[in-house]
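Participant: when you get a sec, could you give me coordinates for this:
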Amino acid sequence: MDFITELKKNIGCNIVYSSSGGGNCSIILMTFDNGNSVMTYCYWEVQKNGKLIATAEDDVTAVTGLVAQTIRLFENKKVSNIEIDEFLNLFIEVDDGLTLLVFRDEYKDQEKTGDYEDWTYSIPSEDLVLYVMEDSTIKAGKCHSWSNSLEIIEINKT
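Facilitator: Numbering: from 1, shown residues only. Alright, predicted model coming up:
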């Protein structure tokens, strides 16, 4: 499986749901019109035409906080580009210049056990979730079951 090819299948899709803030703190759930989704658990930034407008560390008040308001801006936008770099950082750009940048390496001073995911990519039509783990492994599981026995899979990260 080619991870970036799978992610790029979302280019041209509309984002039908994008949420963060409130009880979820700065965790983002973003769902595309093909049913696939991304969920982030690590540090992120949002830029508009290269200018920083919000980060995971901003106000997470439900509905009215900067995090909630900014992440909702992605709804009903068409994905123009998706990239992951060699560190498995994720970048999602939409057609109006808004970009989500998910940075996994913000926690480099902490011990990485591989027990926690930094972000996930779900493909419900294939009953598949790919977990990008804190130790840079990628694990696979079924869409509606979390297990301590997730399978580590070999994929092409580029």
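Participant: lowest average confidence, helix or strand, in this structure?
Facilitator: Least confident helix or strand of the chain, by mean pLDDT, DSSP states H and E, is strand 151-152 with a mean of 58.
Participant: for this protein, which spans come out with low pLDDT?
Facilitator: 1, 105-114, 144-158 (pLDDT under 70).
Participant: quick one, helices of it?
Facilitator: Using DSSP state H, the helices of the chain run over 3-8, 66-72.
Participant: reformat these as CSV; add mean neighbour count.
Facilitator: All C-beta spots, glycine's among them, are computed from the backbone N, C-alpha and C. Formatted as CSV, the helices of the chain follow (neighbours: other C-beta atoms under 10 Å):
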stretch, mean neighbour count
helix 3-8, 16
helix 66-72, 21
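Participant: turn those into TSV, including distance to Asp115.
Facilitator: TSV is the format used below for those (distance: least, C-beta to C-beta, whole Å):
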stretch	distance to Asp115
helix 3-8	21
helix 66-72	25
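Participant: nearest to Asp118, out of these?
Facilitator: Judged by C-beta to C-beta, the one of the helices of the chain that comes nearest to Asp118 is helix 3-8, at 13.8 Å.
Participant: which helices and strands does that closest one pack with?
Facilitator: In terms of contact count using 3 or more C-beta pairs under 8 Å, 6 or more residues apart in numbering; DSSP states H and E, helix 3-8 is assigned the packing partners strand 79-84, strand 117-123.
Participant: this completes my enquiry, with thanks.
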